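A.B. asks: Below is the structure, and that's it, no one-letter string:
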């Protein structure tokens, strides 16, 4: 029963929009409520299928907690089926030791320490004790939530395209850095200055048109690189090689020649310690 329930435990996520499931950043209150609903959605689905009815309650409680918190809320640990208590620990361990869109996985030792600390609050103490013993020497396969095929890449990236420019939006920047850090060598940050004055003078529609022209210029000049719209009117390029900055600089100058907008291109070398917070803004 537990194995069958484990296979189906997240089936309720078919009711959750991919834009929420794939979001790499912090969820809004509404998005979190939508995520929480997947346990109840799965429970209701399985209740309608005779051969799966006895699994419904197991998956309903796989995000509950021993102390009554989590979802759904409970008033006593015995309200949660024993097999659900096992699944709660197993699911947490799996989550901690899997590379997520928004953070790298933990080592087995770290994950087990979190389980130990959560015994009696998040986890059933007896199940936590058993998990510490049974998982101590487990070998974890290198699993990830990030796309591994071209089709997965397109599906994943679909929700991270900027609607105005068709470039990637900034929410996809950190996942892409995490996924491709070993292959990428440089980050170029193109910062525009005085763009707000342009919007005030000519209107937001004209400002949007200029942003689109800027994006098309970059896509035409460097189509093989990862290009992101960043902070509204700035752009970031992730590259495996050095770009022809002189040419890009000249093309941007020509595009902005009849405006009061200035710009600068900042180049960063991507190494193992690099993170997006390293970008400097004056």
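C.D. replies: Okay, I see it. This structure is a prediction, so every number in the text was calculated from the model and none was measured.

A.B. asks: Flag every buried residue along the helix or strand encompassing residue 264.
C.D. replies: Taking DSSP states H and E as the criterion, the element that holds residue 264 is strand 262-269. The neighbour-count criterion (16 or more other Cβ atoms under 10 Å) identifies residue 263 as the buried residues of strand 262-269. Where C-beta positions appear, they are placed from N, C-alpha and C, glycine not excepted.

A.B. asks: Off-centre distance for that strand?
C.D. replies: When C-alpha coordinates are averaged (Cα atoms, centre = their mean, to the nearest Å), strand 262-269 and its chain have centres 26 Å apart.

A.B. asks: which residues are contacting it?
C.D. replies: 185-194, 245, 248-249, 252, 256, 274, 278-280 (Cβ atoms under 8 Å, 6 or more residues apart in numbering).

A.B. asks: What pairs with that strand, parallel or antiparallel?
C.D. replies: Listed by DSSP bridges, the sheet partners of strand 262-269 and their directions read strand 186-193 (antiparallel).

A.B. asks: who touches the strand it pairs with?
C.D. replies: Residues contacting strand 186-193 (Cβ under 8 Å, 6+ apart): 214, 218, 230, 233-243, 245, 252, 261-270, 274, 279, 281.

A.B. asks: pLDDT averaged over the strand or helix carrying residue 37 - what is it?
C.D. replies: Counting by DSSP H and E, the secondary-structure element that holds residue 37 is helix 29-47. Regarding helix 29-47, the rounded mean pLDDT is 95.

A.B. asks: Use 817 as the first number for this chain going forward.
C.D. replies: Done: numbering now begins at 817, and the last item shifts to helix 845-863.

A.B. asks: Can you name the next helix or strand after it?
C.D. replies: Downstream of helix 845-863, the first helix or strand assigned by DSSP H and E is helix 869-876.

A.B. asks: Report the angle between the helix holding residue 853 and helix 869-876.
C.D. replies: Here helix 845-863 runs at 160 degrees with respect to helix 869-876, directions being taken by axes from the mean of the first three to the mean of the last three Cα atoms, to 10 degrees.

A.B. asks: Next, the buried residues of helix 845-863.
C.D. replies: For helix 845-863, the buried set under the neighbour-count rule, 16+ other Cβ under 10 Å, comprises 847, 850, 851, 852, 854, 855, 857, 858, 859, 861, 862.
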